[in-house]
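Visitor: Fold the stuff below for me.
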Amino acid sequence: MTESSTQPSSTLLPEPAGAANRRGPFRVGERVQLTDERGRMNTITLEEGGAFHTHKGFLNHDVIIGQPDGSVVTNTAGHQYQALRPLLSDFVLSMPRGAAVVYPKDAGQIVTMADIFPGARVVEAGVGSGALSISLLRAVGDAGYLHSFERRQEFAEIARGNVETIFGGPHPAWHVSLGDFQDEVVRAEEPGSVDRVVLDMLAPWECLDAVATVLAPGGVWINYVATATQLSRTAEAIRADGRFTEPDAWESMVRGWHLEGLAVRPEHRMVGHTGFLLVTRRLADGVTPLLRKKRAKAEFSQEDLNAWTPESVGERPVSDRKLRRAARDARAGRSDDA
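Guide: A predicted model of the protein is given here:
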């Protein structure tokens, strides 16, 4: 029996690899994003003979298989859908997950601010559902190296499935190890051999020695933490260690805009706080870090203090009469617009 005769149907196209996985007609096993006429999106995995059912009819997968990316297809009830391959940001927010994912806005910041370059040697922990791993693998490329450490077997399996789904198979640059990062990374990596360290964990300050051991001089260490207390403790531990530069921290917020005719305005909902990013760099051995100079406490004259009035900083004065009326209204339980 020849290989071609084992194919169940002519619609089953050969499985591509690498960049070809993102090009060409839709194939069996691919994820496709369907957008209806009202802008509602659904993501499906194409199966031969499969169907996408809604209360407004169903759409046969065979209608989509073999069509070019960006096609418009019609279901049995005449409703149309725009069919596109999901972008990375779409895939991350819809993929199977066992742990909270690193949002695309933060993954983009990590890749850029940590300077993840093609061919870089990167280690990360923990893997979670693989969202950040996918962005890191895209940045380092096939010739790079990403070693991911995860404590939980089930998370590693979910991440592996998601990575292989979006890349069309195992990525040649990716290695996954189970265990605690601070113990395993020093066994797996040579001292000073890593270009970048990316940590998404509860207590990154516990990994100071491990990071300092494997990170090359000038290498970047970036941390993703959820709370201000984690951020503070990590920063203070880095300062006290003496082998890293002064840490910098920030967060990013994304607000979409509603675009419809002249009704152009910010969306009512936005992706606000998801996490803090803290970045520092490894100093050469034996180097004492520079302490960032702080501005000396300013001395103010009495004249300056006397000038520090509400009016001088732009506040509008409130009359005593208005204050008395507001007090009466407050006691009576009335509002300003009553």
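Visitor: Show me the contact partners of the longest strand belonging to the chain.
Guide: As assigned by DSSP state E, the longest strand anywhere in the chain is strand 215-225. Residues outside strand 215-225 that contact it (Cβ atoms under 8 Å, 6 or more residues apart in numbering) are 102, 106, 110, 113-115, 132, 192-200, 204, 211, 231, 234, 244, 275-285. All C-beta atoms are positioned from the backbone trio N, CA, C, and that covers glycine.
Visitor: Out of the residues you listed, name the ones that lie in strands.
Guide: 194-199, 276-281.
Visitor: Quickly note the distance from the closest residue to residue 96 other than its chain neighbours to residue 32.
Guide: Nearest residue to residue 96, sequence neighbours excluded (Cβ to Cβ, 6 or more residues apart in numbering): residue 158, at 6.0 Å. Going from residue 158 to residue 32 by Cβ to Cβ, to the nearest Å gives 21 Å.
Visitor: Need the per-residue pLDDT for residue 172.
Guide: Per-residue confidence (pLDDT) for residue 172: 94.
Visitor: Phi and psi next, for the closest residue to it other than its chain neighbours.
Guide: By the measure of Cβ to Cβ, 6+ apart, the closest residue to residue 172 outside its immediate chain neighbours is residue 142, 5.2 Å from it. Here is the backbone geometry of residue 142 (degrees, to the nearest 10): phi -60, psi -30.
Visitor: switch to numbering from 40
Guide: New numbering, starting at 40: the last item is residue 181.
Visitor: And for residue 181, the neighbour number?
Guide: Close neighbours of residue 181, defined as other Cβ atoms under 10 Å, add up to 13.
Visitor: swap in residue 268?
Guide: 9.
Visitor: so where is this protein shaky, pLDDT-wise?
Guide: Scanning the chain for pLDDT under 70 picks out 40-58, 333-357, 361-362, 365, 367-377.
Visitor: ok, the closest residue to residue 237 other than its chain neighbours - contacts?
Guide: Closest residue in space to residue 237, ignoring its immediate chain neighbours: residue 163 at 4.2 Å, by Cβ to Cβ, 6+ apart. By Cβ under 8 Å, 6+ apart, residue 163 lies in contact with 171-172, 175, 185-188, 236-239.
Visitor: Check residue 327 too.
Guide: Here residue 327 is in contact with residue 281 (criterion: Cβ under 8 Å, 6+ apart).
Visitor: buried residues in the longest strand of the chain?
Guide: Residues of strand 254-264 classed as buried: 254, 258-264 (neighbour count, 16 or more other Cβ atoms under 10 Å).
Visitor: same thing with stretch 94-105?
Guide: Result for stretch 94-105 [16+ other Cβ under 10 Å]: buried residues 98, 100-105.
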